[in-house]
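Student: what follows is a predicted structure for the sequence shown.
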Amino acid sequence: MRVTKAQAEQNRAHIVATAARLFRERGYDGVGVAELMAASGFTHGGFYKHFGSKADLMAEASASGLSQTAARAEGVGPTEFVESYVSREHRDGRGDGCTIAALSGDAARQPAGIKTEFAAGIESLVTALQSQGDTPEDAEQRVARTTVIDMLAHSVGAIMLSRACPDGSPLADEILDVCRKEILASLARGRSDRPAARSSEA
């Protein structure tokens, strides 16, 4: 039975979504093409109807995962982001979590194409966290880019360090607890240092 163009596009999107999840769980080298296709419900031979190579799928799956991470951060304030991100739930939910925390170490050893996708994804996440709206009142609440980058780097590092420890290790939780408190305290200090917003009646 011939597959329609629309169905082929749906199949490709399903393969990309499955690959994004498996790559986050196991890393780029932790899962092969045959296993990826089986997990997607397709045969190994069908892979090359959609992708030229595994590297092509890696880049597309990374872009998809990074886009989802940025989308989840839209409209979320820094404090809310940190409380959700630097958590045991995120630490343990690798497959459904942030692509940056799951695959940055792997991406650093990949070709330039994948690094380019990560740079674009990180930039999108920084932008999403920095911009909370477009009104003058919202502008007063926007967080400086340097603050967002610092917050994100510490948050990602906390998850990566915690995941490097055994699941039942007290250190895994201690890292999350200490980093979450310190990041939130840093954000609070930053807010207290800002000049007071101008009164609308001034």
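Tutor: Looks like it arrived, so ask away. None of the values given here were measured: they were computed from a predicted structure.
Student: against residue 114, how distant is the closest residue to residue 118 other than its chain neighbours?
Tutor: Among residues not flanking residue 118 along the chain, residue 107 sits closest, at 4.8 Å (C-beta to C-beta, 6 or more residues apart in numbering). (Glycine included, C-beta is placed from N, CA and C.) Computed as C-beta to C-beta, to the nearest Å, the residue 107 to residue 114 distance reads 5 Å.
Student: got it, and residue 75?
Tutor: 28 Å.
Student: more neighbours: these two, which one.
Tutor: residue 114 (21 against 10; other C-beta atoms under 10 Å).
Student: list the buried ones in whatever helix or strand that one lives in?
Tutor: Per DSSP states H and E, residue 114 falls inside helix 112-130. Across helix 112-130, burial judged by 16 or more other C-beta atoms under 10 Å covers 114, 117, 118, 121, 122, 124, 125, 126, 128, 129, 130.
Student: what about that helix, distance to the chain center?
Tutor: 9 Å (C-alpha atoms, centre = their mean, to the nearest Å).
Student: ok, the residue nearest to residue 54 when sequence neighbours are not counted - contacts?
Tutor: Closest residue in space to residue 54, ignoring its immediate chain neighbours: residue 33 at 5.5 Å, by C-beta to C-beta, 6+ apart. For residue 33, the contact set (C-beta atoms under 8 Å, 6 or more residues apart in numbering) comprises 44, 47, 54, 57.
Student: which residue packs closest to the most centrally placed residue in the chain, ignoring adjacent ones?
Tutor: The centroid of the chain falls nearest to residue 98 when counting by C-alpha atoms, centre = their mean (3.1 Å). Once flanking residues are discounted, residue 98 sits nearest to residue 69: 5.0 Å by C-beta to C-beta, 6+ apart.
Student: quick one: residues contacting that neighbour.
Tutor: By C-beta under 8 Å, 6+ apart, the neighbours of residue 69 are 98, 99, 100, 121, 125.
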